[in-house]
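sequence first, then the predicted structure, then my questions.
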Protein chains: 2
Amino acid sequence: MHPEPTLQPAQISLHAPAWLAAWVNAHGDSYPDVATRMRLCIELSALNVEHETGGPFGAVVFDRATFQLISAGVNRVESCSASIAHAEIMAITAAQQQLGSFDLSATGLPECELATSCEPCAMCFGAIPWSGIRHLVCAAGDADARRIGFDEGPKLSDWNKALMQRGISVATDVCRDEAVLVLQRYATKNGLIYNGRADLKGD
Amino acid sequence: MHPEPTLQPAQISLHAPAWLAAWVNAHGDSYPDVATRMRLCIELSALNVEHETGGPFGAVVFDRATFQLISAGVNRVESCSASIAHAEIMAITAAQQQLGSFDLSATGLPECELATSCEPCAMCFGAIPWSGIRHLVCAAGDADARRIGFDEGPKLSDWNKALMQRGISVATDVCRDEAVLVLQRYATKNGLIYNGRADLKGD
């Protein structure tokens, strides 16, 4: 029953969908309005559903000085065989590797905002303090994701306060209704609702 | 002051240190004793310090039926410019990509144990329920990591109970003293103690 053992790969690869590079290149403008920035995340979540390249989630890292896009990510869990490949993780790590620093708060780097079409799950919440992200902006809420069957994991009930205590600003419900529409469209299309243990939801 | 904008890379790459492949190939035996399995994680943490290839943390995914190693990971945060590149994330994702599934609990896959030289931080804790890992075994504790300056993040106080509620067994303090010795050696060598915001520890 067990698969044949194979050699451990020398590197882990998390690849963006083919359409993302062109999308990023087409969005080189400055987006000073937070709702406009969020709509880019929601557009990514919708495109990921439309292209059937992953779950209904999109995230963008913005430079808070120029309001330009630094990196973008969409959910790639299934296509990359990687449960860590949430949109937020993809966007954060792309920004770090592009700027050459594991810490987006390092000297000389722009102050970074993570905008995400849905509030972070327990893992992405835990990843944010390590990333150097200084501002978090969210559209849909935990409850909206749970309503279509996604599990947000065992997260602190006052997760946004915990981030703020670490100097990270948090804004929620930005264009929430527009993000929820994409979640609903995904559920209607019978998109894969993955959970580590769908049979054992703890909360 | 801001770096020149560069194109977003088409893929995120998290590479293991060059010495790891040979180490994995040399450890094809069955390790039915949990202390022996944990000592492999601690050996990885020590080798990562000795080779100066990352922080003092090692993790291994084992097949709980054969007690053979599936994948191994060490901390690669600095060398990969990726704050997510904790040992646990490296080991889990390597196992998933090797077995071709984002869910290590998928039908046909071996039941998997994650052994780690140090209890998971907030991010790795949040990542475990999504991974399909069924058993977690830890050596050093959160407090041991904090004692040398690492920040474990805003984690549920009853994190192990939250995992157990999701059907994941948790064992702590396995060979703890041996793992703590490696943490201390790293601190003595003045290894990099990275934190997202070292100036703003919230807990």
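Arrived safely, thanks for sending. Residues are numbered from 1 along each chain as shown, chains lettered A, B, ... in the order given.

so in chain A, which helix runs the longest?
Ranked by residue count, the top helix of chain A under DSSP state H comes out as helix A:34-50.

what is the helix or strand immediately after that helix in the chain packed up against?
Of the helices and strands lying after helix A:34-50 in sequence (DSSP states H and E), the nearest is strand A:58-63. Judged by 3 or more Cβ pairs under 8 Å, 6 or more residues apart in numbering or on different chains; DSSP states H and E, strand A:58-63 is in contact with helix A:34-50, strand A:69-74, helix A:87-99, strand A:112-118. Placement of C-beta: from N, CA and C, glycine included.

what angle separates the longest helix of chain A from strand A:69-74?
Orientation check (axes from the mean of the first three to the mean of the last three Cα atoms, to 10 degrees): helix A:34-50 against strand A:69-74 gives 40 degrees.

what helices or strands is helix A:34-50 leaning on?
If you count contacts as 3+ Cβ pairs under 8 Å, 6+ apart, helix A:34-50 packs onto helix A:20-25, strand A:58-63, strand A:69-74, helix A:87-99, strand A:112-118, strand A:135-140, helix A:176-188.

mean neighbour count and mean pLDDT for these - can I get that in JSON lines?
Converted to JSON lines, the helices and strands packed on helix A:34-50 look like this (neighbours: other Cβ atoms under 10 Å in any protein chain shown; pLDDT from 0 to 100):
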{"stretch": "helix A:20-25", "mean neighbour count": "16", "mean pLDDT": "94"}
{"stretch": "strand A:58-63", "mean neighbour count": "28", "mean pLDDT": "98"}
{"stretch": "strand A:69-74", "mean neighbour count": "28", "mean pLDDT": "97"}
{"stretch": "helix A:87-99", "mean neighbour count": "28", "mean pLDDT": "97"}
{"stretch": "strand A:112-118", "mean neighbour count": "29", "mean pLDDT": "98"}
{"stretch": "strand A:135-140", "mean neighbour count": "24", "mean pLDDT": "98"}
{"stretch": "helix A:176-188", "mean neighbour count": "19", "mean pLDDT": "94"}
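
low-confidence regions, chain A specifically.
A:1-7, A:191-203 (pLDDT under 70).

could you redo the last one with a cut-off of 90?
By pLDDT under 90, the low-scoring segments of chain A are A:1-10, A:149-151, A:187-203.

run through the residues that contact A:D63.
Contacts for A:D63 (Cβ atoms under 8 Å, 6 or more residues apart in numbering or on different chains) come out as A:L69, A:I70, A:P110, A:E111, A:C112, A:E113, B:H2.

right, and the second one touches A:Q96 too?
No: counting by Cβ atoms under 8 Å, A:I70 stays clear of A:Q96, with 9.8 Å between them.

from what I can see A:V74 touches A:G58, true?
Yes: counting by Cβ under 8 Å, A:V74 touches A:G58, with 5.1 Å between them.

joint contacts of these two?
In contact with both A:V74 and A:G58: A:L44, A:S45, A:L47, A:N48, A:A87, using Cβ under 8 Å, 6+ apart.

mind listing what the second one touches?
With contacts defined as Cβ under 8 Å, 6+ apart, A:S45 is in contact with A:P56, A:F57, A:G58, A:V74, A:A87, A:S117, A:C118, A:A179, A:V182.

picking up where we left off before, next, format the contacts of A:D63 as JSON lines and append distance to A:M38.
Below are the contacts of A:D63 laid out as JSON lines (distance: Cβ to Cβ, whole Å):
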{"residue": "A:L69", "distance to A:M38": "12"}
{"residue": "A:I70", "distance to A:M38": "16"}
{"residue": "A:P110", "distance to A:M38": "19"}
{"residue": "A:E111", "distance to A:M38": "18"}
{"residue": "A:C112", "distance to A:M38": "15"}
{"residue": "A:E113", "distance to A:M38": "10"}
{"residue": "B:H2", "distance to A:M38": "23"}
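
looking at those, which is nearest A:I92?
Lowest distance from A:I92 to the contacts of A:D63 (Cβ to Cβ) belongs to A:C112, with 8.7 Å.

surely that closest one is in contact with A:I70?
Yes: the criterion here is Cβ under 8 Å, and A:C112 meets it with A:I70 at 6.7 Å.

which residues are in contact with both of these two?
A:V61, A:F62, A:D63, A:A95.

what's the burial count for A:H51?
For A:H51, the neighbour count with other Cβ atoms under 10 Å in any protein chain shown is 13.

ok, so what distance separates the residue lying closest to it once chain neighbours are set aside from A:A91?
With sequence-adjacent residues excluded and distances taken as Cβ to Cβ, 6 or more residues apart in numbering or on different chains, A:H51 is closest to A:W19, at 5.8 Å. As judged by Cβ to Cβ, to the nearest Å, A:W19 and A:A91 stand 16 Å apart.
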